[in-house]
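Asks: What shape does this take:
(one chain, ligands or ions: 1)
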Amino acid sequence: MTEPLLEIRDLHAVAGTTPVLHGVSLVIPAGETHILFGPNGSGKSSLLATIMGLAPYRVTGGHIRFKGRPIEAMPVDDRARLGLGMAFQRPPGIDGVTVEAFTAAIGSADLLEKEAAALDFRGFEERDVNVGFSGGEIKRWEILKLFLKRPDLCLFDEPESGVDLEHIAAVGRAIDRLLGANTPNDPQRTALVITHTGFILDYIHADMGHLMVDGRILGSADPLALFRHIKTHGYSLPALTAAGDPSI
Ligand SMILES: Nc1ncnc2c1ncn2[C@@H]1O[C@H](COP(=O)(O)OP(=O)(O)OP(=O)(O)O)[C@@H](O)[C@H]1O
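Replies: This is a model prediction of the structure:
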């Protein structure tokens, strides 16, 4: 079996003083793409933010191992250096830091033009990062940012929400290309993707789907079967959890 790149066991976490995760366990082998489904407020974004190490999220129990190393207490910049990266749902604007300067700072200036064209994101070089970007432009920049950084584990928080129907194809294809094995030195990436609409499933190969409810993973199954099940039956899985039937 492939080594787990990310291993989360019985994770409890708070946002400030609010409990948000209540015993999440999740293992993602290297090279796999996993999808996280769940109703509003179930803790999906909190889980991604806790993995990334963002304030005000704090682990109060359990553990997170990435590449075999415990990272619960590791600062966010060390996690990024170790190979974690996240495309945010609602990232802050960075006044005074242009897209060009940001790209140069992460050592990817030579890639910007080509990758920006693939995401139809030309002409933003002089704009401050995420300042005044439309909802869809933010999403495209967040994915472009991961392209420029190429983290080993990519966390996507609703990458297609707010993106118009034409650009969803560009976003979907870009994510597929980002995650795919490009050269022997640039192997298949690992990803955890939050989606409500499921559009992204038309463009990427996903290995496993997880259903999160009330800060816990209720069950896991084939992502397309799980998505179809949620569309028909909502966010409860008595059949899945009782029988463990991967085809639902
Ligand atoms: N920084 C915070 N401070 C206080 N409460 C928070 C914070 N972040 C998340 N929460 C609460 O934790 C719960 C889970 O929120 P979270 O954003 O993780 O849900 P979600 O599953 O991503 O929802 P959605 O699908 O609507 O994006 C919510 O009740 C939310 O209000």
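
Asks: Surely residue 89 and residue 163 touch.
Replies: No. Residue 89 lies out of contact with residue 163 (CB atoms under 8 Å); the separation is 11.9 Å. Yep, even glycine has a C-beta here, placed from its N, CA and C like the rest.

Asks: Who has more neighbours out of those two?
Replies: residue 163 (25 against 19; other CB atoms under 10 Å).

Asks: In terms of pLDDT, where does the more buried one sit?
Replies: Residue 163 is assigned a pLDDT of 87 by the prediction.

Asks: Surely it is within a strand?
Replies: No. According to DSSP: H, G, I helix; E, B strand; the rest coil, residue 163 belongs to no strand; its state is coil.

Asks: For it, give me its contacts.
Replies: Counting by CB atoms under 8 Å, 6 or more residues apart in numbering, residue 163 touches 135, 136, 139, 140, 171.

Asks: What count of nearby residues applies to the closest residue to it other than its chain neighbours?
Replies: Spatial nearest neighbour of residue 163, excluding adjacent residues (CB to CB, 6 or more residues apart in numbering): residue 136 at 4.6 Å. By other CB under 10 Å, 19 other residues sit near residue 136.

Asks: Look at residue 136 and give its secondary structure.
Replies: Classified using three-state DSSP, residue 136 is helix.

Asks: I'd say it and residue 166 touch.
Replies: No. In this structure residue 136 lies outside contact range of residue 166 using CB under 8 Å: 9.7 Å.

Asks: do you know how far residue 44 is from residue 148?
Replies: 25 Å (CB to CB, to the nearest Å).

Asks: which one of these two has more residues nearby?
Replies: A direct count of neighbours by other CB under 10 Å for residue 44 and residue 148 places residue 44 higher, at 23 against 20.

Asks: Spit out the contact partners of the more buried one.
Replies: Residues near residue 44 by CB under 8 Å, 6+ apart: 36, 38, 157, 194, 212.

Asks: Which residue comes closest to it once chain neighbours are left out?
Replies: Excluding its sequence neighbours, the residue lying closest to residue 44 (CB to CB, 6+ apart) is residue 194, at 4.7 Å.

Asks: Report the contact partners of that neighbour.
Replies: By CB under 8 Å, 6+ apart, the contact list for residue 194 reads 35, 36, 37, 44, 45, 48, 89, 156, 157, 158.

Asks: Out of the residues you listed, which sit inside helices?
Replies: Members of the contacts of residue 194 lying in helices (criterion: DSSP state H): 44, 45, 48.

Asks: and the residues you listed as CSV, adding pLDDT and distance to the ligand?
Replies: Formatted as CSV, the ones in helices among the contacts of residue 194 follow (pLDDT from 0 to 100; distance: CB to the nearest ligand atom, whole Å):
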residue, pLDDT, distance to the ligand
44, 98, 4
45, 97, 3
48, 98, 8
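
Asks: From residue 45, how far out is residue 56?
Replies: Taken as CB to CB, the span from residue 56 to residue 45 is 13 Å.

Asks: More neighbours: the two, which one.
Replies: Applying other CB under 10 Å to residue 56 and residue 45 shows that residue 45 carries more neighbours, namely 21 against 10.

Asks: which ones are touching the more buried one?
Replies: So, once contact is read as CB under 8 Å, 6+ apart, residue 45 ends up touching 89, 157, 194.

Asks: could you pull out the strands for the chain?
Replies: For the chain, the strands defined by DSSP state E cover 4-15, 18-29, 33-37, 57-66, 69-70, 84-87, 153-157, 190-194, 208-213, 216-221.

Asks: Tabulate those in CSV, adding columns for distance to residue 124.
Replies: Formatted as CSV, the strands of the chain follow (distance: least, CB to CB, whole Å):
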stretch, distance to residue 124
strand 4-15, 31
strand 18-29, 32
strand 33-37, 27
strand 57-66, 29
strand 69-70, 35
strand 84-87, 16
strand 153-157, 20
strand 190-194, 24
strand 208-213, 33
strand 216-221, 37
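
Asks: Cool, thanks, signing off.
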